[in-house]
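**Q** For reference, the sequence and a predicted model appear below.
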Amino acid sequence: MKRQYWIVPSLAAVLGGIGYGVAQNLPTGDATDLRSSVQPAQALLPAASAEEDLTPPTLSHRVSLAYRRKGDENFAEVQVSTVEPFVGAVDRRIAASVADGAVPPVSASAALAPTASHISSPNGATAFLTKLAAAGDAAAAADMTAAKAADAAAPAFEATPLSSRLLDADEPAWQSRFFADNPLVGGIFQGDGNRADAAALMSAAKTARYVLLGETHDNPDHHRLQSDIVADLADATADLSLVFEMIPPRLGSVVSAFGTPRAGAIDVDALADRLEWSERGWLDFSMYRPMFETARREGLAVAPGNLDRDVVSSIARGGVSALPPEMRTRLSLDVPADPETVADLTEEVRTAHCGLMPEAALSAMADAQRARDGAMAAAMVDAARSGNGAVLIAGSGHVRDDRGVPSILKRVDPEAETLSVRMLEVAGEDGNPADYGLAAETPAPYDFTIFTPRADRDDPCEALRARMEKKTDAVAN
């Protein structure tokens, strides 16, 4: 409803205007339906005086009303202003009492009945509006008491899983702000573009042996969603393990106490340093910390999922054939790669590196990507073997089911259910799932996609270009 300002010169107009608003918006005789508040300006409450103040009228002498009926949306504020200011010492004391909460509550019906008054006001509007405001104050106070009781009984907002808030709240507290008003934000969709919800996603996750949660590494909301899903799974599944792309095998001892009786002694504050988090190029550890805290609290095992740097270096120098046979078998590199899959993966690597990498390097980088997928799949199988299931925390490219970790899991453990979930940033104002490849004709290679706002970041291509130029200059000099 549009904001309205009524400026009226007489008692008749004041009462007529208020009567219209009440008739339109307020059922009579029900004090709980009245939503009124008085907002006296300081100019309304000077010290009481025996003589009337004949100060020229100003719009600061007004009462603001906001009211609605049960079930209606909030009405916009309606401000009623008299041309004549509130005058007289009695009027001032009444207004001061209302502001101090000293006026006893009156019923809505009594407030709305313009009875005779002894107040020494030339038009009586002050008395009527004061009684109306008192009734509104009483209703508002009752509502406030009820709201406080409800808030006390309800869990804190941040304690409610974001996966649930996607359903239960109209405006989840997203930390990323870009394109947060896109209609897809907060939506959960199946690969074919059909809308799903958190209940369906969690139901599928609880029956899967392998759950893969794909992220954009620098988006904090993706990590919050992952943490909430992991916490929900931990409540329903015993002996769950977490496998992290961010942890290589050589640092496995750092997280070996998770899921054991020694987990209570883990110093989460020290994990970032012990895992060489920033030194190895990973982003702010605080985004991942809640998952480690959940693992410690819920008794979840934590396992490394990546490759050690020396293995990646061997692949870069000599390709997959440079690895020992037993390692190639573990990484599922002992079977010929599908040429179309390799071509798609190579193009993905080229795009991810902004087209700045030399063509000669792309093949080795694609091999390293395949090896990482194999390493994470092997870690998931190992983790699930000792428990009831495993969850992978990795970049979204690794959890696609056409050529990523899920495709390997389906080959090496075909009887197990695998669920792939992608957290996806919206791109601008596009609000059609098909614009993101979610359609029946071209289903996305993920079982579920959760849309989020886009994180605030600099152009990664510019950063990569600057690093490469710096490296080139250093070689030249």
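**A** Cool, got the structure.
**Q** Quick check: buried residues in the host helix or strand of residue 327?
**A** Assigned by DSSP states H and E, residue 327 falls within helix 325-330. Buried positions in helix 325-330, judged by neighbour count with 16 or more other C-beta atoms under 10 Å: 327-328, 330. Where C-beta positions appear, they are placed from N, C-alpha and C, glycine not excepted.
**Q** Beyond that helix, next helix or strand please.
**A** Under the assignment DSSP H and E, the closest C-terminal helix or strand after helix 325-330 is helix 339-352.
**Q** Now do that following helix: which elements does it pack against?
**A** For helix 339-352, the contact count by 3 or more C-beta pairs under 8 Å, 6 or more residues apart in numbering; DSSP states H and E identifies helix 359-385 as packing neighbours.
**Q** Now do the helix it packs on and helix 339-352, the angle between them.
**A** Here the directions of helix 359-385 and helix 339-352 differ by 110 degrees (axes from the mean of the first three to the mean of the last three C-alpha atoms, to 10 degrees).
**Q** What would whichever helix or strand comes after helix 359-385 look like as PDB? C-alpha coordinates only.
**A** As assigned by DSSP H and E, the chain's next helix or strand after helix 359-385 is strand 389-395. Only the C-alpha atoms of strand 389-395 are listed here, as PDB (Å, rounded to 0.1, in the frame of the first residue of the first chain):
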ATOM      1  CA  GLY A 389      29.300 -43.900   4.300                       C
ATOM      2  CA  ALA A 390      31.500 -41.100   3.100                       C
ATOM      3  CA  VAL A 391      31.100 -37.400   2.100                       C
ATOM      4  CA  LEU A 392      33.400 -35.700  -0.300                       C
ATOM      5  CA  ILE A 393      34.200 -32.000   0.000                       C
ATOM      6  CA  ALA A 394      35.600 -30.800  -3.300                       C
ATOM      7  CA  GLY A 395      35.300 -28.400  -6.200                       C
END
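**Q** How about residues contacting the helix or strand following strand 389-395?
**A** For strand 389-395, the succeeding helix or strand toward the C-terminus, using DSSP H and E, is helix 405-412. Helix 405-412 has contacts (C-beta atoms under 8 Å, 6 or more residues apart in numbering) with 210, 212, 332, 373-374, 376-377, 380-381, 392, 394, 398-401, 416, 418, 420.
**Q** Just the buried residues of these.
**A** Neighbour-count burial (16+ other C-beta under 10 Å) applied to those gives 210, 212, 332, 373-374, 376-377, 380-381, 392, 394, 398-401, 416, 418, 420.
**Q** so what are the domain limits for the protein?
**A** 4-153, 161-476 (automatic domain parsing).
**Q** Out of those, which gets the lowest mean score?
**A** Among these, domain 4-153 has the lowest mean pLDDT, at a mean of 48.
**Q** Just confirm residue 422 is within a helix.
**A** No: Residue 422 is assigned strand when assessed by DSSP: H, G, I helix; E, B strand; the rest coil, not a helix.
**Q** do you know how far it is from residue 240?
**A** Distance, residue 422 to residue 240, by C-beta to C-beta, to the nearest Å: 20 Å.
**Q** if I look at the closest residue to residue 206 other than its chain neighbours, how far off is residue 177?
**A** Closest residue in space to residue 206, ignoring its immediate chain neighbours: residue 236 at 5.1 Å, by C-beta to C-beta, 6 or more residues apart in numbering. Distance of residue 236 to residue 177, given as C-beta to C-beta: 33 Å.
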